[in-house]
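> Have a look at this prediction, sequence included:
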Amino acid sequence: MSDYAVIKGASYVLAAAPDMVLHNGTTQTTEMIVNPESEYLKELPNHLRSFDDVLAYIPNQVYIGNMTNKDLAATEFPYYDKKAEKAERYGKYGEIMPQDEFIGLMQICDVFDLVKLEAGFAQEVKAKLTAHGMLKEEQIAILDKNNDTDETIAALVNDEHSEPIYHNFKLVGAVKRAHDVDVNLSAHVMFENIVAKASSVLAMLHLIKNTGIDPAEIEYVVDCCEEACGDMNQRGGGNFAKAAAEVVGLVNATGSDVRGFCAGPAHAILDAASLVKAGTFKNVIVTAGGCTAKLGMNGKDHVKKGLPILEDCLGGFAVLLSENDGVNPVIRTDIVGRHTVGTGSSPQAVIGGLVTDSLDKAGLKLTDVDKFAPELQNPDITKPAGAGDVPEANYKMIAALGVKRGDIARTDIPSFVAERGLVGWAPTQGHIPSGVPYMGPCREDILAGDIKRAMIIGKGSLFLGRMTNLFDGVSFLVEANPGKQEAAAAVSEETIKSLIGEAMRDFAKSLIAE
């Protein structure tokens, strides 16, 4: 296993975005068009959480690493009415950034002068981002260029088709369109893309800090968010990976984007792990930023049932994969589950293709896997919306297949789900929940000796693109590193030639002696 890629570290970040829920989430923007006087839109502002409430939300604290999945499992459901005892902005994996600071980060990540901020607001944010300590002085100085007033910002929105930026219900900035007629470069799309880029940048900054790696040692970046940047001639041909790497200062890195709807991160991890295993690159980052369209996605159900808007944060993550160091957990790229073209779309077929087929080829049972990490959506969000507990449903299906295979008894299903499953804690940001939120904790669990093997499962819905009715997904195993295995038995070609030469000389001498 000496050539398998290892997980060197991971980061997870959230950016509180209550005003973006109102103005950028597609559930809300669609409602504004279809039914602008709806009771939902009138009631919605009363259900937005304060930043302190966002911090105190236990699943959020789990996401950034201040609490564990065991802590969440021990919390009585539902979670929204409970508060973490010691809620902090920063965790061992990342942070929860306030909306105003994130807006400032958006401008820092904008290289085409599309983001305009009201001058006073920009200066307030500058002071906060200076104290943040993760951005360079010259980057923060970008905020000094703002000289717009409330009136000029309003004119951009009202007269020049710019996308408004709000904070605390007040207009504080705007994102300009990047082209007069190209809808792919409209202000709305540019807003989404800059948000995705900025949240990816935040995640990678924390990853660099967490791992201590020299940014110059990163050779490749793979972005796997659900957005796609481009123009009218190549709508998804752009490159979030390299764009974000530029801001982070990864001067020796190139990169590309991988898209697969919710399964994108799992595909990207496999691509990156394979590049490292092949020796193409030594250090590869897989990253993804957040998605404004998903904000308040289930808001109507939450408001109807008197809940706060729980989908009020943008998510981001970054994972560092490196050549084997003999210590960190390895990614077994030879044991890969796949939803193929011929797999089928029934839940049993999907789980079979993603989970049991690959284990069978490796001669493993379901009970040889200590933890399964499929779609890790927070049930606090999905159950009120009628989607149920998504992780639990996956675990029950896996357990049912285990019964059918004879790996476990039917009476063992509850214990299988409890012991080998995880309570969902990830925000419903599309690609974010699909397996990758556990990669950071998984690394720690394996290094601590708590588990030996875990399966990361990415699942996606290709039919959303109206190009195929197929489902999608891949999975892979993460295992404890057995340590570097010296290939003592492997002899070089030069050594073989030398041994043959010595043998022939000895044989010739024996003939002469005779």
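Alright, I've got the coordinates. Numbers count the residues shown, from 1 in each chain.
> Quick one: residues contacting the spatially closest residue to S461 that is not a sequence neighbour.
Nearest non-adjacent residue to S461, counting by C-beta to C-beta, 6 or more residues apart in numbering: F261, 5.6 Å away. C-beta coordinates here come from the backbone N, C-alpha and C atoms, glycine included. F261 makes contacts with 226, 430-431, 460-462, 464-465, 472, as judged by C-beta atoms under 8 Å, 6 or more residues apart in numbering.
> sec struct for A216, please.
Following DSSP: H, G, I helix; E, B strand; the rest coil, we place A216 in the helix state.
> Just list the residues touching it, thanks.
A216 touches 250-252, counting by C-beta under 8 Å, 6+ apart.
> Where does pLDDT dip in this protein?
1-2, 484-514 (pLDDT under 70).
> Against which helices or strands is whichever helix or strand I140 is part of packed?
For I140, the element it lies in under DSSP states H and E is helix 137-140. When contacts are defined as 3 or more C-beta pairs under 8 Å, 6 or more residues apart in numbering; DSSP states H and E, helix 137-140 packs onto helix 119-132.
> what's the helix it packs on in contact with?
Outside helix 119-132, the residues touching it (C-beta under 8 Å, 6+ apart) are 98, 100-101, 103-105, 107-108, 117, 135, 140, 143-144, 146-149, 167, 172-173.
> Let's see which of the residues you listed end up in helices.
100-101, 103-105, 107-108, 140 (DSSP state H).
> and of the residues you listed, the nearest to V423?
Among the ones in helices among the contacts of helix 119-132, E101 lies closest to V423 (C-beta to C-beta), at 29.7 Å.
> Return the distance of the closest one relative to L202.
E101 is 10 Å from L202, where distance means C-beta to C-beta, to the nearest Å.
> repeat for C442
22 Å.
> Which one's more surrounded, these two?
L202 (33 against 26; other C-beta atoms under 10 Å).
> Quick check: phi and psi on the residue lying closest to I103 once chain neighbours are set aside?
Closest residue in space to I103, ignoring its immediate chain neighbours: I165 at 5.9 Å, by C-beta to C-beta, 6+ apart. Main-chain torsions, I165, degrees, to the nearest 10: phi -120, psi 120.
> How about I165: which residues does it bridge to?
On the basis of DSSP bridges, I165 is bridged to G173.
> residue contacts, it?
19, 103, 106, 115, 117, 171-175, 191.
> nearest to V6, of the residues you listed?
M106 (33.4 Å).
> I figured that closest one hits A198, correct?
Yes. M106 is in contact with A198 according to C-beta atoms under 8 Å; the separation is 4.8 Å.
> shared neighbours of these two, anything?
Joint contacts of M106 and A198 (C-beta under 8 Å, 6+ apart) do not exist.
> neighbour count winner among these two?
A198 (28 against 23).
> separation between that one and D159?
For A198 relative to D159 (C-beta to C-beta), the value is 26 Å.
> Pull out the buried members of the ones in helices among the contacts of helix 119-132.
100-101, 103-105, 107-108, 140 (16 or more other C-beta atoms under 10 Å).
> ok, so of the residues you listed, who is nearest G386?
Distances from G386 to those, taken by C-beta to C-beta, are shortest for I103, at 33.3 Å.
> any idea which of the ones in helices among the contacts of helix 119-132 is closest to M67?
E101 (22.7 Å).
> what's the burial count for the residue nearest to that closest one when sequence neighbours are not counted?
Closest residue to E101 apart from its sequence neighbours, by C-beta to C-beta, 6+ apart: K128 at 5.2 Å. Per other C-beta under 10 Å, the neighbour tally for K128 reads 14.
> now K128: how far from L135?
For K128, the distance to L135 - C-beta to C-beta - is 11 Å.
> picking that back up, please produce a PyMOL select command covering the buried subset of the contacts of F261.
PyMOL command restricting the contacts of F261 to the buried ones, with burial defined by 16+ other C-beta under 10 Å:
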select buried, resi 226+430+431+460+462+472
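> residue ranges of the helices in the stretch 251-400 of the chain, please?
264-277, 299-304, 347-351, 357-361, 379-382, 390-405 (DSSP state H, counting those that start in this stretch).
> Show residues contacting the following helix or strand past the last one.
So that's helix 390-405. Sequence-wise, the next helix or strand downstream of helix 390-405 (DSSP H and E) is helix 413-420. The contact list for helix 413-420, computed with C-beta under 8 Å, 6+ apart, reads 366, 369-372, 392, 395-396, 398-400, 402-403, 408.
> got CSV for these, with neighbour count and distance to T29 too?
As requested, the contacts of helix 413-420 are exported to CSV (neighbours: other C-beta atoms under 10 Å; distance: C-beta to C-beta, whole Å):
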residue, neighbour count, distance to T29
L366, 20, 43
V369, 20, 42
D370, 18, 43
K371, 22, 38
F372, 24, 36
E392, 17, 32
Y395, 21, 35
K396, 17, 36
I398, 27, 37
A399, 23, 40
A400, 17, 40
G402, 22, 44
V403, 16, 45
I408, 21, 47
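> give the contact list for the closest residue to R338 other than its chain neighbours.
Leaving out its chain neighbours, the residue that sits closest to R338 by C-beta to C-beta, 6+ apart is V474, at 5.6 Å. Applying C-beta under 8 Å, 6+ apart to V474 gives the contacts 263, 266-267, 270, 336-339, 354, 458.
> filter those residues to the buried ones?
Members of the contacts of V474 classed as buried by 16+ other C-beta under 10 Å are 263, 266-267, 270, 336-337, 339, 354, 458.
> Stretch 226-233: end-to-end distance?
Distance between the two ends of stretch 226-233: 20 Å, counting by C-alpha to C-alpha, to the nearest Å.
> Check which residues of that stretch are buried.
Taking 16+ other C-beta under 10 Å as the criterion, stretch 226-233 shows 226-230 as buried.
> One more: stretch 235-252?
238-248, 250.
> Just send these back as TSV, with distance to S186 too.
Converted to TSV, those look like this (distance: C-beta to C-beta, whole Å):
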residue	distance to S186
G238	15
N239	19
F240	18
A241	23
K242	23
A243	18
A244	21
A245	25
E246	23
V247	23
V248	27
L250	29
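> Give me the subset of those that lies in helices.
240-248.
> Tell me, how many residues neighbour the closest residue to V330 other than its chain neighbours?
Of all residues not flanking V330 in the chain, Y4 sits nearest, at 3.9 Å (C-beta to C-beta, 6+ apart). As a burial measure, Y4 scores 20 neighbours (other C-beta under 10 Å).
> what sits against Y4?
273, 277, 324, 330-333.
> Neighbour-wise, give me the winner out of these.
Counting by other C-beta under 10 Å, top hit in the contacts of Y4: I331 with 27 neighbours.
> separation between the nearest residue to E246 once chain neighbours are set aside and Q139?
Closest residue in space to E246, ignoring its immediate chain neighbours: V111 at 7.9 Å, by C-beta to C-beta, 6+ apart. To Q139, V111 is 11 Å away according to C-beta to C-beta.
> Which parts of the stretch 201-350 of the chain are strands?
For the stretch 201-350 of the chain, applying DSSP state E, counting those that start in this stretch gives strands covering 220-223, 254-257, 283-288, 313-322, 330-338.
> Mean neighbour count, these: which tops it?
strand 283-288 (a mean of 30; mean count of other C-beta atoms under 10 Å).
> And this protein, split by domain according to the record?
6-322, 330-479 (automatic domain parsing).
> Surely N66 is in contact with R89?
No. When contacts are counted by C-beta under 8 Å, N66 is not listed as touching R89 (9.4 Å).
> the more surrounded of those two?
N66 (21 against 15).
> Backbone dihedrals for that one, both of them.
phi -80, psi -20.
> Chain neighbours aside, what residue packs nearest to it?
G91 (4.1 Å).
> separation between that neighbour and G440?
10 Å.
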